[in-house]
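K.L.:
I need the structure of the sequence given here:
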Amino acid sequence: MFAVRSRALIVVAVVAFFGTTVRAGTPTQLLLTNTEADGLPAGIKSLDLSTGAILGFLVPEDFPNNGNLWPVEAMAPGPNRTILVAQSVDDTVKQYDEFGNFISLFISGQAVNNIRSIVRSPDGEFLFTSDFAHDDVHRFSFFTGTPAPNAGDPDGQFIPGMQPPPDLDLPQAMAILSTGELLIADIGQVKLMKYNPTTGAVIGPFVPNPAEDLNGATVRDIDVLPNGDVVVTVAGGGNNVRTYSSAGVLDATRTFSFNTPNGVHVLPNGNYLVTSGSSFGQGRGLFLVNPTTGAILQTIDNLRSYGALELITLVAAVPTCPAAGDGDVDQNGLVDGRDIAGFVNLLTSGSGNPPDSDFCAADLDGDNDVTLADVDPFVQALVGP
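P.N.:
Modelled structure (predicted):
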């Protein structure tokens, strides 16, 4: 027994020296949606990540064989390499696989009305939806689509609305800032407002100078850049694309007029993709724009009215272990000193994954990972109560 306890101490020492590792990421898609402005069937197109060129359809314009796809307000990654699509026409969020095949209604039948945006929470556990008609934001489980309310509301209400300022009023586009805060285009207040993504509490205006805040009544899209800058489309009177620093300061050198902008995405070379459903000015379509001059560099497509542009990073399917492990890493029916080397290797190398039998045996806390939290129960399994 002394020898086993000594080996257990070695486990702790090795863990302290090596630590743990992080696993790899997943593929990314740039997607474009139709709006209701032209009255034609809706679909979702794939774009080239570098140029914005249209590569083809992800979801074809084939109602009702495409899952009864209505004009799309917003998109977000879903669980298990799926794509979530929000529609204001029927107040649903639909789920498609990565190849564009309809899977199911992910959110429906809840007290959400006129969904304008969906966004995944910073911790990855929840999905937020903005409810334009009810002036509130709802929260759902990212993995199942079931309501996850802030204070017991059965329909998942997370941030209440229909109250005097500074509370939420007519939420449209949303995004997660580089600081982790939830950013909401509050059309009732004509402001970009920050909220705590865990509690739903209002933090305050994103733009410190009121004169630089929103100047229009429609914000369909917000693009947060890798450096923290924020790009916003403003229509309904403003008709411009506005760029802010991560601190909310307007960057006049990258703010330009554009007739009824709907969606925006910044390409790696710094040019902007902008969509519109307008019949005036530059007209409807998908455009490549120089952000410093506002000049249209290329009309990529002017045959349809387009809306949201979303860069979707697929969330990989996560295999699971059937139950919490028992510590028998070498699968010989005993938990003894021969399991220590395998346990330490799985803990420090990051080489295993569920549902591998040795990995699942080392996952003693049942969280589908082998981490420092498994060390104590593994030692207990070795030495007994």
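K.L.:
which SS class is D339?
P.N.:
Following DSSP: H, G, I helix; E, B strand; the rest coil, D339 is assigned to helix.
K.L.:
can you pull the pLDDT of N101?
P.N.:
Per-residue confidence at N101 stands at 93 (pLDDT).
K.L.:
separation between the spatially most central residue of the chain and P147?
P.N.:
Residue closest to the mean C-alpha point of the chain, counted by CA atoms, centre = their mean, is R120 at 3.6 Å. Distance, R120 to P147, using CB to CB, to the nearest Å: 16 Å. Quick note: C-beta positions are derived from backbone N, CA and C, even for glycine.
K.L.:
ok, G281 next?
P.N.:
41 Å.
K.L.:
more neighbours: which of the two?
P.N.:
Per other CB atoms under 10 Å, whichever of G281 and P147 has more neighbours is P147, with 19 against 12.
K.L.:
span of stretch 159-170 from start to end?
P.N.:
12 Å (CA to CA, to the nearest Å).
K.L.:
pLDDT (mean, whole number) over that stretch?
P.N.:
Per-residue pLDDT over stretch 159-170 has a mean of 72.
K.L.:
wait, what's in contact with the nearest residue to R254 once chain neighbours are set aside?
P.N.:
Distance criterion CB to CB, 6 or more residues apart in numbering; nearest residue to R254, sequence neighbours excluded, is T243 at 3.8 Å. Neighbouring residues of T243 by CB atoms under 8 Å, 6 or more residues apart in numbering: D229, V230, V231, V232, L250, D251, R254, T255, P291.
K.L.:
got phi/psi on T243?
P.N.:
Backbone torsions for T243, taken as degrees, to the nearest 10, come to phi -120, psi 130.
K.L.:
could you give the bridge partners of it?
P.N.:
Bridge pairing for T243 (DSSP bridges) gives the partners V231.
K.L.:
now Q95
P.N.:
Bridge pairing for Q95 - DSSP bridges - gives L84, S104.
K.L.:
okay, now it: neighbour count?
P.N.:
21.
K.L.:
tell me where the stretch 251-385 of the chain has strands.
P.N.:
256-257, 261-266, 272-276, 285-289, 296-301, 306-313 (DSSP state E, counting those that start in this stretch).
K.L.:
any idea which of the ones you listed gets closest to A201?
P.N.:
The closest of the strands of the stretch 251-385 of the chain to A201 is strand 306-313. By CB to CB, the value is 27.1 Å.
K.L.:
tell me the buried residues in the closest one?
P.N.:
For strand 306-313, the neighbour count (16 or more other CB atoms under 10 Å) marks Y306, G307, A308, L309, E310, L311, I312 as buried.
K.L.:
stretch 284-292 now?
P.N.:
Under the neighbour-count criterion of 16+ other CB under 10 Å, stretch 284-292 has R284, G285, L286, F287, L288, V289, P291 buried.
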